[in-house]
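S.K.: I'll drop the sequence and a predicted model, then ask my questions.
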Amino acid sequence: MSSKYLLIENGTVIDGDLNPPMENCDVLVRDARIVKVGKVNIENDVPRGADLEVVDASGKTVMPGLIDIHCHMTYGLARTEEEISMYTPPELRTLIAAVNVEKVLAAGVTSISQPGGSYFIGVGLREGIRQGIVHGPRMTTAGRYLTTSNGLTDWFPDSTGVPEASTGRLTNTKDDMIDEIRRQKKGGVDLIKLADSPFGDYQAFTDDELKMCADLAHQLGLQITIHARGDGEMNAAVNAGFDHIMHGNHMSDATIENLAKSQIPLAPTQLLMHHVVEFAKEARARHSIVEATKRMNEATMDSLHRAYKAGVKFAMGTDSGFSLVPYGQWHARELEMLMMYTGMSALEAIQAGTKHGANAMRLPDDLGVIAEGMLADIIVVNGDPLKDIRVLYQPGKVEVVILNGEVQTFPDDVRSTFVRNDYLPHEYGWDLITYERVYEGAEIPKTQLDWSGERRRDMLNDIRKFEKLAVAPVGV
């Protein structure tokens, strides 16, 4: 079979590796890989008669596709924890995820890692994408989170337990942890996800447990990550050799120094927490949750600024999958959050959202940079993200998405048709927060706003019933 060529010409290239932008630059792709960056002479660089497609990027930005290493495809735009953990059957969750993942790719996110989800749906989704059954970005995935009775995903009272449908898996002993890691390896996961305490108030796994889990995961050829908001679990995860770490809201200078020395990437995934506060009114989020999150965000601002100054490596993760952070709407806004919460430049934020996520895709030497020999995951943007990072998430600004050297096509309504779970009620926010709604005043579809009459009365009765049983923390 003859090679296929793709020429992206006359763009301003941001390579993802902190080099100055290259103006009026061409990128030549053969099959799935980049073969030349610079001025291309078609007669000399492309064999005569070869299959050649040309993309005119004049006046536009050419950069690596974004890598979101914290994207929960099985959550289905959840408003409540029960939607995620209990109500939606696996067959429906799978179908919903298969539709929603296309929105992520259309937003210019060409790679995602799912750090925890329902059943082994992530494995099926990953394989469906590989086989061309599902249209989505390249993907790695964990299975259910390992937690203890004191960790994030043991949501419900002991009388309820941890349902099989939950994203959590209760592992209170080392034997439980070993058994679950081995079982997930057999199930086909790429990484293991641990869930430490919800808000970082204490350490839910011991240092020895974290080290044991990391060693076993690596022995089995898997990566390992952790939900870690507090200083103790952050430092313990670094010492245990985790591959990347999520959140880091509370960190001492000693832990930051340890993390910076290790160069283990930290994905703060601040987007969800920021939206809880910024869009509290629009989402109708509970006042107590908003106030607690506001305090957490203030602490995070301090921790991450100190971490950036110390040389910590950052990656992009968004926690997409909740009603507050819908698929395909806000992923690149995490780069804006990185700039705000750390003080880094736009160029550094783009590196975090591209090159620094490649290891979570298990392709550290092949992905996230526009350079000869690298995989051709590329986006063409109508605007300059170095002047205004927001162009990366404004509707219509990402004009071309290239995955594995192939220009992708999408339905016209890929952004506006929302597929979500429709089950109730621990709340994250009752209404869907889309870009158009909060910035352009557009109404969301009526089906998403229909909380009147009999349905509203039923919902309120359910809330009163469930609030007597438990209240869950926010933010996974």
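M.R.: Perfect, I can see it now.
S.K.: give me the beta-bridge partners of the residue nearest to residue 357 when sequence neighbours are not counted?
M.R.: Nearest in space to residue 357, with sequence neighbours left out and distances taken as Cβ to Cβ, 6 or more residues apart in numbering, is residue 67 at 3.0 Å. Every C-beta, even on glycine, is put in place using the N, C-alpha and C of the backbone. With DSSP bridges as the criterion, the beta-bridge partners of residue 67 are residue 111.
S.K.: how near is residue 67 to residue 112?
M.R.: Separation of residue 67 from residue 112 (Cβ to Cβ, to the nearest Å): 7 Å.
S.K.: which of these two has more residues huddled nearby?
M.R.: Taking other Cβ atoms under 10 Å, residue 67 and residue 112 do not tie; residue 112 has more neighbours (35 against 32).
S.K.: quick one: contacts for the more buried one?
M.R.: When the contact criterion is Cβ atoms under 8 Å, 6 or more residues apart in numbering, the partners of residue 112 are 67-69, 71, 73, 101, 104, 136-140.
S.K.: tell me the one of those nearest residue 397?
M.R.: residue 104 (15.9 Å; Cβ to Cβ).
S.K.: return the set of buried residues in the helix or strand hosting the closest one.
M.R.: With the criterion set as DSSP states H and E, the secondary-structure element containing residue 104 is helix 90-106. For helix 90-106, a neighbour-count test (16 or more other Cβ atoms under 10 Å) marks 93-94, 96-106 as buried.
S.K.: and which of these is nearest to residue 405?
M.R.: residue 105 (14.5 Å).
S.K.: if I look at that closest one, how far off is residue 414?
M.R.: Here the criterion is Cβ to Cβ. By it, residue 105 lies 9 Å from residue 414.
S.K.: does residue 358 touch residue 377 like I think?
M.R.: No: judged on Cβ atoms under 8 Å, residue 358 makes no contact with residue 377 at a distance of 9.8 Å.
S.K.: tell me which of those two has more neighbours.
M.R.: Higher neighbour count among residue 358 and residue 377: residue 377, with 31 against 25, using other Cβ under 10 Å.
S.K.: just the buried residues of helix 90-106 now: which is nearest residue 28?
M.R.: For the buried residues of helix 90-106, with residue 28 as the reference and Cβ to Cβ as the criterion, the closest is residue 105, at 22.8 Å.
S.K.: residues contacting the nearest residue in space to that closest one that is not next to it in sequence?
M.R.: In space, not counting the residues next to it along the chain, residue 105 is nearest to residue 137; the distance is 4.7 Å by Cβ to Cβ, 6+ apart. Applying Cβ under 8 Å, 6+ apart to residue 137 gives the contacts 65, 101, 104-105, 109-112, 129, 403.
S.K.: now those in TSV, with pLDDT and distance to residue 253?
M.R.: Output for those, formatted as TSV (pLDDT from 0 to 100; distance: Cβ to Cβ, whole Å):
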residue	pLDDT	distance to residue 253
65	98	35
101	97	40
104	97	36
105	98	40
109	98	34
110	98	36
111	98	33
112	98	33
129	98	42
403	98	41
